[in-house]
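Undergrad: One predicted model, sequence on top.
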Amino acid sequence: MTHLVIRTCPTCGSRRIRRVKRDIQSKRNGETFVAKGIEIEECPNCGERLFSPEALEAIAAQRTRLQKRPRARKSA
Ligand SMILES: [Zn+2]
(Lines give C-alpha, C1' and ligand atoms only; values in the text may rest on other atoms or scores of the structure.)
Protein backbone atom coordinates (compact mmCIF):
# COMPACT_ATOMS: atom_id res chain seq x y z
CA MET A 1 0.00 0.00 0.00
CA THR A 2 2.23 2.75 -1.23
CA HIS A 3 -0.43 4.89 -2.86
CA LEU A 4 -1.61 7.59 -0.56
CA VAL A 5 -5.06 8.97 -1.15
CA ILE A 6 -6.15 11.94 0.86
CA ARG A 7 -9.83 12.05 1.57
CA THR A 8 -10.10 14.22 4.63
CA CYS A 9 -8.94 17.81 4.90
CA PRO A 10 -6.29 18.12 7.63
CA THR A 11 -7.32 21.72 8.25
CA CYS A 12 -11.09 21.65 8.60
CA GLY A 13 -11.89 17.94 8.55
CA SER A 14 -14.09 18.20 5.49
CA ARG A 15 -14.40 15.02 3.48
CA ARG A 16 -15.09 16.78 0.23
CA ILE A 17 -11.48 16.95 -0.91
CA ARG A 18 -11.36 16.71 -4.65
CA ARG A 19 -8.74 16.54 -7.33
CA VAL A 20 -8.39 19.65 -9.42
CA LYS A 21 -5.96 21.13 -11.90
CA ARG A 22 -4.38 24.37 -10.89
CA ASP A 23 -1.56 26.66 -11.84
CA ILE A 24 0.69 26.53 -8.81
CA GLN A 25 2.74 29.50 -7.79
CA SER A 26 5.84 29.02 -5.76
CA LYS A 27 8.76 31.17 -4.81
CA ARG A 28 12.35 30.18 -4.90
CA ASN A 29 15.37 32.42 -4.45
CA GLY A 30 13.06 35.41 -4.60
CA GLU A 31 11.72 34.43 -7.99
CA THR A 32 8.13 33.55 -8.54
CA PHE A 33 7.56 30.46 -10.58
CA VAL A 34 4.29 29.11 -11.91
CA ALA A 35 3.78 25.46 -12.69
CA LYS A 36 0.79 24.98 -14.95
CA GLY A 37 -1.90 22.33 -14.93
CA ILE A 38 -0.76 20.63 -11.73
CA GLU A 39 -3.15 18.08 -10.27
CA ILE A 40 -3.68 18.67 -6.58
CA GLU A 41 -6.30 17.90 -3.98
CA GLU A 42 -8.27 20.91 -2.96
CA CYS A 43 -10.73 21.40 -0.15
CA PRO A 44 -13.81 23.30 -1.36
CA ASN A 45 -14.69 24.09 2.23
CA CYS A 46 -11.61 25.97 3.45
CA GLY A 47 -9.50 26.23 0.31
CA GLU A 48 -6.70 24.06 1.67
CA ARG A 49 -4.45 22.65 -1.01
CA LEU A 50 -2.73 19.32 -0.69
CA PHE A 51 0.17 18.34 -2.84
CA SER A 52 0.70 14.71 -3.64
CA PRO A 53 4.23 13.46 -4.35
CA GLU A 54 3.21 13.32 -8.01
CA ALA A 55 2.19 16.96 -7.93
CA LEU A 56 5.46 17.99 -6.32
CA GLU A 57 7.34 16.02 -8.94
CA ALA A 58 5.42 17.70 -11.74
CA ILE A 59 6.16 21.11 -10.27
CA ALA A 60 9.85 20.29 -9.95
CA ALA A 61 9.92 18.98 -13.51
CA GLN A 62 8.41 22.16 -14.89
CA ARG A 63 10.80 24.25 -12.83
CA THR A 64 13.78 22.31 -14.14
CA ARG A 65 12.57 22.68 -17.70
CA LEU A 66 12.20 26.41 -17.17
CA GLN A 67 15.67 26.80 -15.74
CA LYS A 68 17.26 25.04 -18.69
CA ARG A 69 15.70 27.50 -21.07
CA PRO A 70 16.75 31.08 -20.39
CA ARG A 71 14.09 33.68 -20.68
CA ALA A 72 14.03 35.17 -24.14
CA ARG A 73 11.14 37.49 -23.58
CA LYS A 74 12.00 41.07 -22.81
CA SER A 75 9.72 43.46 -21.07
CA ALA A 76 10.17 46.62 -23.04
ZN1 LIG B 1 -10.69 22.07 4.50
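TA: The structure has been received and is ready for your questions. Numbers count the residues shown, from 1 in each chain.
Undergrad: CA only for contacts and neighbour counts going forward, please
TA: Fine.
Undergrad: Start from the N-terminal end of this protein and give the helices.
TA: If DSSP state H is used as the criterion, the helices of the chain fall at 53-68.
Undergrad: Near the ion, which residues of it are found?
TA: Cys9, Cys12, Cys43, Cys46 (Cα under 5 Å from the ion).
Undergrad: Out of those, which end up buried?
TA: Cys9, Cys43 (16 or more other Cα atoms under 10 Å).
Undergrad: can the residues of the chain next to the ion go into TSV with extra columns for pLDDT?
TA: As requested, the residues of the chain next to the ion are exported to TSV (pLDDT from 0 to 100):
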residue	pLDDT
Cys9	95
Cys12	97
Cys43	96
Cys46	97
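Undergrad: Okay, and which of the residues of the chain next to the ion map to strands?
TA: Judged by DSSP state E, strands contain none of those.
Undergrad: Outside of the least confident helix or strand in the chain by mean pLDDT itself, list whatever touches it.
TA: Every helix and strand of the chain was ranked by mean pLDDT, DSSP states H and E. The lowest is helix 53-68, at a mean of 88. Outside of helix 53-68, the residues within contact range by Cα atoms under 8 Å, 6 or more residues apart in numbering are Ile24, Phe33, Ala35, Ile38, Glu39, Ile40.
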